[in-house]
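# need a 3D model of the following:
(chains A and B)
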Amino acid sequence: MLGGCEIEEVGIPRTEAQLAVHSVLSASATTQVVLLERTRNGSVAISAPAFEVVDPVFSDEGIAETNAIVTLTTPSGATLVAREDVTVRGDGKGRGVYRFALRGEDLERGGTYQLSVRTTRNQSLTAETSVPLGDAALAPAPATFDRVQDTLFLAWPAAPGARAYFVRIETPFGPRSFFTDTTRVRLTGELRNIDVEGIPRVFIPGFPQALTVSAVDSNYYDWFRTHSNAISGTGLISRVRGGIGVFGSLVRLRFDDLHVVAPQTEPEAGTFRIAGTPAEVASARHLSIELYVESRAARADQAHALSGRYHKRPVLGESGCLTCGLLGTARDGRIELAFLTDWYARDTADIFVGHLRGDTISGTYRVSGQATFVRQR
Amino acid sequence: MRSEKVDGATVARAPSWKPAMVFLLGILPALLPAQEASTGVVVGRVTSRTDTAAVLSPVHNATISVVGTAAATTTGPDGRFVLDRIPAGVQTVRVRLLGYRIVERAVLVRSGDTVRADVTLEREAQLLSPIRVDAASADAEAFVSKPNVATVAVDATAMKGVPAAGEPDVVRVVQLLPGVISRNDFNTGLNVRGGEADQNLILLDGHPIYNPFHLGGLFSTFMDATVGGIELMTGAFPARFGGRLSSVLDVRSSDEARPGVHASADLSVIGATARLSGAFARERGTWSVAARRTYADAVTALFTDDIFPYHFRDLHARGAYALPGNTRIAVTAYLGKDILDANLSEFASDSAPSRASEGRWTFDWGNRVIGATITKDLGADARVPLLGLRLGESATLEQRVSASQFSTLLNLGEGAFTQRNEVSDVRLSGSLLARTATHDRSIGYEVATHRIRYASGSSETGSSDYDVRQRPMSAAVWINDLWRPSPRWLVEWGVRGEALSERGWAALSPRVSLKFFVTPEVAITAASGRVTQWMHSMAGDGPLRYFEVWLASDSVTPVATAWHWVAGAERRVREVGSVRVEAFLKRYDRVLEANWAENPQLLGDEFFVAEGRSYGADLLARWQPASGLAGWISYSYGVSMRSRDGTRWAPGHDRRHDIDVVATWRFTKYRFGARFGFATGTPYTPIVGEIARRVYDPSRDSWGTGNPRLWIEALGGARHAGRFPATHRLDLDASREFRIGGASVSPYVSVVNAYNAQNVFVYLYDYSTDAPTRRAISQFPILPSLGVRVVF
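Numbers count the residues shown, from 1 in each chain, chains lettered A, B, ... in the order given. Below is the predicted model of the structure:
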């Protein structure tokens, strides 16, 4: 009742765009990347095609700054020149993505690197970062994590020169991340993800979830811990001269690959295999599903939330995961499952709606076809 | 900021002024004279009839004397008085208050006994002119008795009929007074004569309350039914007040003047308030209990499956009792809480088939205050112990003790992230006032210990972003003298000495006020004083203010200081009216500004230290008859600037012109109210662009996965380079009283923003297209509301 409402919308003049940079020197990366773009000033209608990791500026609502001269001066005084990805790829992707042929393991720990940018409009941008000390964790350490019974106690060696440690856990709904200035942290299985709308749990049964702990410099820390106030437009801490953004450095100290599980005691939970005639089985797209009751419904008129994974039949010429994530609901025997394209909740490959009767789930796919899955004892 | 982290022990140094406090407390009882056997006690209550409901209201500050003796006192806020050591025999008690007929009453005083003398005053002007006078009496009394510079008092009667948005609110009334600026409709924060919203000392019956706001500042914590009146000091306040740079707002609880038990209830569209009150022990004591709760959550639950997860509640209790020996004790308690409890998994589902996996977030904040005041009127023979010096013709000893707490807790995801601010203020203060024919001299002290915690972290991860704990102790001693050197002059001067333990800081703050009567109805005034503040808010300079987030000065955060200068003139008009004009200059030597980008792991960067200056003038014209048309016109002109590191800016509350016209009209059983306000715009920072903020994924060593989408954030231009357009608003209120049995039932209807003026609250920008736009979000739209007040 007391809320304000929109009373006027007027056109306003375009403003002066700034150069914006996002770059992190990573001790575990094979190359070092600088993303260069311009801030939004009302001169470009932003497009938002599907995100592509090889085109992270244009495919993610950015205004790429192309054809700039981007150099990196190492602590020893050597100067490296970056190449823009679009100039080496043949598909027009990678605009605004500048890449240095510098392996992370070659980054001088404790050394200061200077970034310099000059655009075709003769604008210049400079920044510098000092790489924290510490040995980079290059390969993930696999582990199984029972969300109900386990608590993760993480510890890592101190990294001199680090401003803080950045803990990040990948989840189907988006990462949960936070900074800490200690070298240990505790993660309970019931931990909630406050970085995501709806505050779901961080650990989702059935999903592989990467967990990293990185030592970061003060540029990274200050840029990512601050936000701009929507009303005043202030609050960000950027140490980039001639523009805005971050040029930081990061050493990945821990890299865990968690296979998250939970007890499968509910009727809807368990591993179900495709069933039917030999012809039906031979043509089935999904060979098995592994289901967990992720959360029980808090209201009688709502469904339980399901999570898990499914195994695809390999198809010649089809890329992507063979084991992928699924999310769904269950209420009064009705099962609805979203078969994800990979492990992210945002992309669904197909929807399956069926019913659980005894140990059998029978139903139909939204795209086409029917399937029957039987619980595996 | 020098404060230990969570696992570090916080050590508060023992303040050196403790022995002085012990001494002061020790000698106070010695000042209390013994009761003589050949005398008796006169107690009573002074009331007046204030409206058509025939309710007697207590009269504050009436002078009570016994003819032919030096015995004299004044009534307290509850209208009560005690005269001790009155010679036995038939005596004449005289009650005097400007604007009322003098009342004399003969009483028989028995040795060693107590006799009652209750007096109901009548308006003097009823006999003098056809115009009836009303609450103007307290104003008129203050006009002749004190310099009263930059001070406005408004009693409950005058506040009735001022249109309200949903709930009558005393702080909304304060915003209509001269020198007071409110940023917008969604904010009850007070900006007084160019000061920031955390620079106001807000008192409930003299006891501090730290965050008296509900619902993001939309309402204050003061229930209308419990408020007896307010006094607002907008500058150069007397030496007994300290700790804030800009103003003192003292909210006085109402006391029940009628014997028996009485009840009142207010039902509005927002919530319900109920109050029980009464007097006991032959009216030597009064009590009241009031409670309020909003009920949108409960009403929603009755009709839908949707959950409205917010409510606030208040509980206010007050008791006062006149003890034998000219002693009065009054206790005030307040408990209030805002609760936002959003268990998202219990919300009705919209398009999602299930919200089972969603979490919970809670946000609550509230105040707890309890305070007691003991007042003892000493006779004419009260003397200073050891020295034997006579204190004066009368003297009053007052001792206060209070505990005030504020706490807020934001809990996201059941411990995944918590942020809290806790302030505890335990305070002991006292004063001794000695009156002679030409001087009212007083001396007082104030000792306070604070516990402050400002913390953020996660119990689920065992991590702490920061955990600031402070335990400062403050002490102050002050002297004040109200001197009447001649019938034309009033001089009030004082000095306040203050110290703060964690800062190792001490200072003397002089205060002086002058009033010169050009004629009996016209006076010119001037005042100056130095003020200090060591409690600061981290709430920032934004347009919305949920509540203050408090931290204290310490070794790295200085004490803020300012000087006030005020000059003005006041004219009384036919006892019921007054016109006052004042000009002010406020110089901030140090004013603290919250650093929104402070490093949570670095203590000491929470505030920027700026300088500043505010100047302006304001006008108040009031007309306060007992019936008919009443109200006031206030106009404020102000200019405020702040500077730091060579940069100058106008703070977000800098408003050039602000005019409010408030009128109430009582006609038989009807009461009408109207308020019109016009104000020029306040500054804002234009948004000049947006940045797409990308996230690095350390597990893949890549930028962005599209999971989630990137953040688009606003980029601000030059600070406060723009100004919102002027605002204006008309509010209307009407009520009618019905007598049903023994009850008075008064339904009312209010319309806020009656002609739906489209006043701008904030601008929102969109630079994502090649035709950028700016949208204006309004302040209050037209808001009709209704309710009913029932008084038994």
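
# can you show me the strands along the stretch 151-300 of chain B?
Here the stretch 151-300 of chain B has its strands, by DSSP state E, counting those that start in this stretch, at B:151-155, B:180-181, B:191-192, B:200-204, B:207-208, B:213-214, B:219-220, B:227-233, B:247-253, B:260-267, B:271-280, B:285-294.

# could you report the pLDDT at residue 12?
Picked chain A for this. Residue A:12 is assigned a predicted lDDT (pLDDT) of 96.

# oops, I was thinking of chain B
33.

# can you check residue B:46 too?
Note for residue B:46: predicted pLDDT of 87.

# which ones are touching it?
Residues in contact with residue B:46 (C-beta atoms under 8 Å, 6 or more residues apart in numbering or on different chains) are B:58-59, B:62, B:64, B:75, B:79-81, B:95, B:97, B:118-121. Bear in mind the C-beta positions are built from the backbone N, C-alpha and C, glycine included.

# between the helix or strand it falls within and strand B:271-280, how big is the angle?
Element membership for residue B:46 (DSSP states H and E) is strand B:39-49. Angle, strand B:39-49 to strand B:271-280, by axes from the mean of the first three to the mean of the last three C-alpha atoms, to 10 degrees: 150 degrees.

# so what strands line up beside strand B:39-49?
Partner strands for strand B:39-49, per DSSP bridges, with pairing direction: strand B:56-58 (antiparallel), strand B:80-87 (antiparallel), strand B:114-116 (parallel), strand B:119-121 (parallel).

# and the third one, what's buried?
Read it as strand B:114-116. B:114, B:115 (16 or more other C-beta atoms under 10 Å in any protein chain shown).

# residue B:57 is in contact with residue B:157, correct?
Yes - assessed by C-beta atoms under 8 Å, residue B:157 is found in contact with residue B:57 at 7.3 Å.

# what about residue 272, neighbour count?
All of this is about chain A. Neighbour count of residue A:272, defined by other C-beta atoms under 10 Å in any protein chain shown: 25.

# other chain: chain B
14.

# tabulate the strands of the stretch 151-300 of chain B (JSON lines), appending mean pLDDT and distance to residue B:658.
JSON lines is the format used below for those (pLDDT from 0 to 100; distance: least, C-beta to C-beta, whole Å):
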{"stretch": "strand B:151-155", "mean pLDDT": "88", "distance to residue B:658": "15"}
{"stretch": "strand B:180-181", "mean pLDDT": "92", "distance to residue B:658": "6"}
{"stretch": "strand B:191-192", "mean pLDDT": "94", "distance to residue B:658": "10"}
{"stretch": "strand B:200-204", "mean pLDDT": "96", "distance to residue B:658": "17"}
{"stretch": "strand B:207-208", "mean pLDDT": "96", "distance to residue B:658": "27"}
{"stretch": "strand B:213-214", "mean pLDDT": "85", "distance to residue B:658": "21"}
{"stretch": "strand B:219-220", "mean pLDDT": "83", "distance to residue B:658": "19"}
{"stretch": "strand B:227-233", "mean pLDDT": "92", "distance to residue B:658": "15"}
{"stretch": "strand B:247-253", "mean pLDDT": "94", "distance to residue B:658": "15"}
{"stretch": "strand B:260-267", "mean pLDDT": "91", "distance to residue B:658": "29"}
{"stretch": "strand B:271-280", "mean pLDDT": "92", "distance to residue B:658": "29"}
{"stretch": "strand B:285-294", "mean pLDDT": "94", "distance to residue B:658": "30"}
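
# just the strands paired with strand B:39-49: most buried one?
Highest mean neighbour count among those (mean count of other C-beta atoms under 10 Å in any protein chain shown): strand B:80-87, with a mean of 23.

# list of residues touching that strand?
B:33, B:35-36, B:38-46, B:58, B:62, B:64, B:66, B:69, B:71-75, B:93, B:109, B:284, B:320, B:322-323, B:325-328, B:377-379, B:381.

# isn't residue A:235 right up against residue A:225?
No - if you go by C-beta under 8 Å, residue A:235 and residue A:225 don't touch, sitting 10.3 Å apart.

# can you list residues touching both of the two?
Counting by C-beta under 8 Å, 6+ apart, residue A:235 and residue A:225 have no common neighbour.

# what residues does the stretch 51-200 of chain A put near chain B?
Taking C-beta under 8 Å from any C-beta of the partner chain, the part of the stretch 51-200 of chain A that reaches chain B is made up of A:51, A:53, A:56, A:59-62, A:104, A:140, A:164, A:166-168, A:170, A:173-175, A:178-182, A:184-188, A:190-194, A:196, A:198-200.

# any bit of the helix or strand residue B:784 falls within sitting next to chain A?
Taking DSSP H and E as the criterion, residue B:784 maps to strand B:783-791. Yes - with C-beta under 8 Å from any C-beta as the measure, strand B:783-791 is seen reaching chain A through residue B:783.

# tell me which residues in that strand are buried?
Buried residues in strand B:783-791 (16+ other C-beta under 10 Å): B:783, B:785, B:787, B:789, B:790, B:791.

# now do residue B:483 against residue B:141, distance only.
Distance of residue B:483 to residue B:141, given as C-beta to C-beta, to the nearest Å: 18 Å.

# who has more neighbours out of these two?
A direct count of neighbours by other C-beta under 10 Å for residue B:483 and residue B:141 places residue B:141 higher, at 23 against 15.

# per-residue confidence at the more buried one?
For residue B:141, the pLDDT comes out at 74.

# wait, residue B:575 sits on residue B:140?
Yes - assessed by C-beta under 8 Å, residue B:575 is found in contact with residue B:140 at 6.0 Å.

# now do the contacts for residue B:329.
Taking C-beta under 8 Å, 6+ apart as the contact definition, residue B:329 lies against B:320, B:321, B:323, B:372, B:373, B:374, B:375.

# show the buried residues in those residues.
B:320, B:321, B:372, B:373, B:374, B:375.

# the last one reaches residue B:325, doesn't it?
No - taking C-beta under 8 Å as the definition, residue B:375 is not a contact partner of residue B:325, at 11.4 Å.
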